[in-house]
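Asks: got a predicted structure plus its sequence, pasted below:
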Amino acid sequence: MSELTSDPTIVCKCHGITAGQVRDAVRNGACDLTLIQQRTGACRGIGAATGRTVCGSCAPELVALLVATSRRARPAVRDWRVSASA
């Protein structure tokens, strides 16, 4: 789901944080939920939660965005082992 979420999509309704803001935070070093919360303000528990949401309910989507963005950001791994015939 998170890989299909477009950047302008709001993932934290309480604070109006978009998927793009979360992806930018991950690309800039936010490597866990706490850092995403600190850098974006998402899922902080002090938002203007409405009857439709409970502040903190976006945590699973934030983690999914973290994982999906981290996978794309990793460089390809090369096998640097020397073969026995070399």
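Replies: Ah, there it is. Just so we're clear, the structure is a prediction, and the values are computed from it rather than from any experiment. Residues are numbered from 1 along each chain as shown.

Asks: count of neighbours near Glu61?
Replies: Neighbourhood size, Glu61 [other CB atoms under 10 Å]: 19. C-beta coordinates here come from the backbone N, C-alpha and C atoms, glycine included.

Asks: surely it is in contact with Val11?
Replies: Yes - with contact defined as CB atoms under 8 Å, Glu61 reaches Val11; the gap is 5.0 Å.

Asks: shared neighbours of the two, anything?
Replies: Residues touching both Glu61 and Val11 comprise Thr5, with contact defined as CB atoms under 8 Å, 6 or more residues apart in numbering.

Asks: for Gly29, grab the count of nearby residues.
Replies: Gly29: 8 neighbours (other CB under 10 Å).

Asks: so who does it touch?
Replies: Leu35.

Asks: can you check Ser70 too?
Replies: Val26, Cys31.

Asks: and it, how far is that from Gly29?
Replies: 11 Å (CB to CB, to the nearest Å).

Asks: kindly report the same for Lys13.
Replies: Lys13 is 25 Å from Gly29, by CB to CB.

Asks: and Gln21, by the same measure?
Replies: 14 Å.

Asks: longest helix of the chain, counting residues only.
Replies: helix 59-73 (DSSP state H).

Asks: list the buried residues in that helix.
Replies: Glu61, Leu62, Val63, Ala64, Leu65, Leu66, Ala68, Thr69 (16 or more other CB atoms under 10 Å).

Asks: need the residues you listed in TSV with distance to Ile17 and pLDDT, can you?
Replies: Below are the buried residues of helix 59-73 laid out as TSV (distance: CB to CB, whole Å; pLDDT from 0 to 100):
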residue	distance to Ile17	pLDDT
Glu61	10	91
Leu62	9	91
Val63	14	90
Ala64	14	91
Leu65	10	92
Leu66	13	90
Ala68	16	89
Thr69	14	88
